[in-house]
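Novice: 3D model of this:
(one chain, ligands or ions: 2)
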Amino acid sequence: MGWMHTARFLTTAPKLEFLPALDVPEVAFVGRSNAGKSTCINTLTQQKRLAFASKTPGRTQSINLFSLGKQGVTDAVLADLPGYGYAAVPKQDKIRWQQVMANYLVTRENLKAVVLLCDPRLGLTELDEILLEVIRPRVEEGLKFLLLLTKADKLTRAEAQKALSIARLQCGGGEARLFSALKKQGVDDVALLLHQWTHPEETSPP
Ligand SMILES: Nc1nc2c(ncn2[C@@H]2O[C@H](COP(=O)(O)OP(=O)(O)OP(=O)(O)O)[C@@H](O)[C@H]2O)c(=O)[nH]1
Ligand SMILES: [Mg+2]
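Specialist: Ligands and ions are numbered 1, 2, ... in the order given. Have a look, this model is predicted:
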């Protein structure tokens with residue numbers, strides 16, 4: 001979808017207080033380290049190195065914002081958040097980060113949707129469950145939620161369908177989808193969903 005391909009780097013914030021206040025809808029990509037958040041953003045936006053993806057877990061350490069919108073007019077932003085749960089990160093840093101994360105999810109005013117990326121071979125981890133608890137009150141107030149099962153190319157068709165059925169039960173009234181950056185599976189579907197969520201007043205995509 002053309003709209004997604006307009007993505008451009010906006011800013012990076014090592015701490016929450018450095019994030020600019022924005023009045024356009026924001027979509028946050030969250031999930032454990034290595035789940036495929038940065039790769040997902042790059043795939044959706046069709047840009048190889050917009051978000052920094054890496055084989056080394058814990059690559060994304062700040063909140064990175066990307067603007068979307070045609071003719072240079074920003075009408076939504078994507079937020080790539082650092083992953084959690086990576087064992088080699090010192091405990092103190094982990095706790096600090098979880099607080100930043102929870103704070104972001106609870107207080108970010110223009111937050112319109114959360115995409116929780118999950119490797120279906122691992123399933124939801126304890127930290128994913130905590131995150132779900134943290135956002136639940138906001139989801140009840142209208143925050144959109146997508147549980148995105150990444151690296152679907154690693155599963156057989158039957159395994160993928162089973163993982164999707166489980167995800168549908170776990171997403172608490174939100175959406176659940178399969179995604180593969182490698183096979184470009186789910187790309188158009190997710191782009192459409194995010195467009196609809198950030199442009200609720202429009203009935204069809206541009
Ligand atoms: N096979 C396969 N590998 C993928 C896919 N998406 C991501 N990966 C790989 O998974 C690894 C981690 O991807 P990232 O996008 O850096 O993960 P992240 O969630 O941003 O990680 P952090 O920044 O550490 O939180 C990389 O080696 C990617 O190439 C996919 O759809 N299929
Ligand atoms: Mg990343």
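Novice: where are the low-confidence patches of this protein?
Specialist: Counting by pLDDT under 70, the ranges of the chain that qualify are 54-55, 57-60, 203-206.
Novice: how much space between the closest residue to ligand 1 within the chain and Cys40?
Specialist: Closest approach of the chain to ligand 1 (Cβ to the nearest ligand atom) occurs at Gly83, with a separation of 2.3 Å. C-beta: built from backbone N, CA, C; applies to glycine. The gap separating Gly83 from Cys40 is 12 Å, by Cβ to Cβ, to the nearest Å.
Novice: what is in contact with the two at once?
Specialist: When contacts are counted by Cβ atoms under 8 Å, 6 or more residues apart in numbering, Gly83 and Cys40 have no shared neighbour.
Novice: For Ala88, see how far away Gln71 is.
Specialist: For Gln71, the distance to Ala88 equals 44 Å [Cβ to Cβ].
Novice: So between these two, which is more surrounded?
Specialist: Ala88 (8 against 5; other Cβ atoms under 10 Å).
Novice: and the residue of the chain closest to ligand 1, how many neighbours does it have?
Specialist: Other residues within reach of Gly83 by the criterion other Cβ under 10 Å amount to 26.
Novice: I'd like to know if the longest helix along the chain reaches ligand 1 anywhere along the stretch.
Specialist: Across the chain, the helix with the greatest residue count (assigned by DSSP state H) is helix 91-107. No: using Cβ under 6 Å from any ligand atom, helix 91-107 never reaches ligand 1; the gap is at least 10.5 Å.
Novice: what lines up beside whichever helix or strand comes after that helix in the sheet?
Specialist: Toward the C-terminal end, the helix or strand that comes next after helix 91-107 (DSSP states H and E) is strand 111-118. Based on DSSP bridges, the strands next to strand 111-118 in the sheet, each with its direction, are strand 26-31 (parallel), strand 144-149 (parallel).
Novice: The first one near ligand 2 anywhere?
Specialist: No: contact check for strand 26-31 against ligand 2, using Cβ under 5 Å from the ion: none in range, with a minimum separation of 8.3 Å.
Novice: Tell me which residues are up against the helix or strand just after that strand.
Specialist: Following the chain from strand 26-31 toward its C-terminal end, the next helix or strand by DSSP H and E is helix 37-45. The set of residues that contact helix 37-45 without belonging to it, under Cβ under 8 Å, 6+ apart, is 4-5, 7, 29-31, 48-54, 59-60, 66, 78, 80-81, 83, 115, 117, 148, 150, 179, 181, 184, 187, 190-191, 194.
Novice: Give me the phi and psi angles of Thr11.
Specialist: Torsion angles at Thr11 (phi, psi; degrees, to the nearest 10) stand at phi -170, psi 170.
Novice: ok, back up a step: do you know which of the strands paired with strand 111-118 lies nearest Ser165?
Specialist: Taking Cβ to Cβ as the measure, the strands paired with strand 111-118 were each checked against Ser165, and strand 144-149 came out nearest at 10.8 Å.
Novice: Send me that closest one as PDB with only the CA atoms.
Specialist: In PDB, the C-alpha atoms belonging to strand 144-149 read as follows (Å, rounded to 0.1, in the frame of the first residue of the first chain):
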ATOM      1  CA  LYS A 144      -6.700  -1.000  18.800                       C
ATOM      2  CA  PHE A 145      -4.700  -4.100  19.300                       C
ATOM      3  CA  LEU A 146      -3.100  -6.600  16.900                       C
ATOM      4  CA  LEU A 147      -1.300  -9.800  18.000                       C
ATOM      5  CA  LEU A 148       1.000 -10.400  15.100                       C
ATOM      6  CA  LEU A 149       2.600 -13.900  14.800                       C
END
